[in-house]
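> Could you look at this predicted model? Sequence included:
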Amino acid sequence: MAEGANVTRYNTAAIEEDDVQVYPAGVELLYHAGASSRWVNFVVSEERLQETALLRMGRPLELPRRAATSVRLLARGRAALTVLADDAMGLARRLADAGGIAPELASTIGRSLLEGYVDALCDAAPARKSTLSSAQERHHHLILACEQLALSDEAADIALAEIARRSGYSLRSLQLIFHDSVGMTPGRWLMNARLNGALRDLLSAAPACTVATVAAKWGFRHLPRFSQYYRRTFGELPSDTLNRSRR
């Protein structure tokens, strides 16, 4: 459950089948999985979440303030949420193909999802303590620091050698840490981070925004190559994303 978040953070922790992660407002999500997986992101303001919890439980939910928290759902809670999410997305797709969803129905679907998540979270087990070793914890924080650096405006195209120098690790050690933590090379990871930054900007583009401006912001100096990478990752050209967001 991505509470009040944008979908742009790498998840380097192990997430199990019955887990739900609750993210504080403003945290960015960019998921990476080593095998076939499915993610359902439900975004809602904390105010609405707590209002619903008070109505259904008589008490507010305890929410994380700085970092994501994993909770273990009861089996029936996971099954109910899976059916609810599948039904909601299936209905939305069918109605979108038929011309769109009426605002009243969209509101009803959203309310049902919110109540389902609140019910599941209220019955969930407490957050589990981290099972990472001290070395894994250091590597986890290194990945987060690299992410913040890669997503900053002034360092979108930072070289791997410079990241290694700032982190205090050798380039070879950095490669091993990324491989063990996120299952890919640091070069590929940084490319994905930059492409997701470009995707975010194109989806929320201002009227004067251009593909070239977004590409340059994220360190892509060769526009045709950027379009090639983007299409390979997201299945459409950046110009298609920009046109769709404007519509």
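Cool, the structure landed. Residues are numbered from 1 along each chain as shown.
> Could you check the helix ranked longest in the chain and say which residues are buried?
Secondary structure assigned by DSSP state H gives helix 75-97 as the longest helix of the chain. Buried residues in helix 75-97, counting neighbours by 16 or more other C-beta atoms under 10 Å, are found at 77, 78, 80, 81, 84, 85, 88. Every residue, glycine included, has its C-beta placed from N, CA and C.
> nearest spatial neighbour of the last one, skipping sequence neighbours?
Going back to what we said before, that points to residue 88. Nearest non-adjacent residue to residue 88, counting by C-beta to C-beta, 6 or more residues apart in numbering: residue 109, 5.1 Å away.
> what residue ranges in the chain score low on pLDDT?
Low-confidence segments of the chain (pLDDT under 70): 1-17, 26-37, 66-67, 125-133, 150-157.
> Point me to the residue sitting farthest from the middle of it.
residue 58 (30.4 Å; C-alpha atoms, centre = their mean).
> who's in contact with it?
Residues counted as contacts of residue 58 (C-beta atoms under 8 Å, 6 or more residues apart in numbering): none.
> same question, residue 81
20, 40, 73, 116, 117, 120.
> related to what we said a few turns ago, which element follows the longest helix of the chain toward the C-terminus?
For helix 75-97, the following helix or strand on the C-terminal side (DSSP states H and E) is helix 103-123.
> tell me which residues in that following helix are buried?
Buried residues in helix 103-123 (16+ other C-beta under 10 Å): 109, 113, 114, 116, 117, 118, 119, 120, 121.
> go on, stretch 171-178?
Buried residues in stretch 171-178, defined by neighbour count with 16+ other C-beta under 10 Å: 174, 175, 177, 178.
> Distance to residue 137 and secondary structure for those - can I get that in TSV?
Output for these, formatted as TSV (distance: C-beta to C-beta, whole Å; DSSP: H, G, I helix; E, B strand; the rest coil):
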residue	distance to residue 137	secondary structure
174	17	helix
175	19	helix
177	12	helix
178	16	helix
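> Identify the farthest-apart pair in these.
Across the buried residues of stretch 171-178, the longest distance by C-beta to C-beta is 7.4 Å; it joins 175 and 177.
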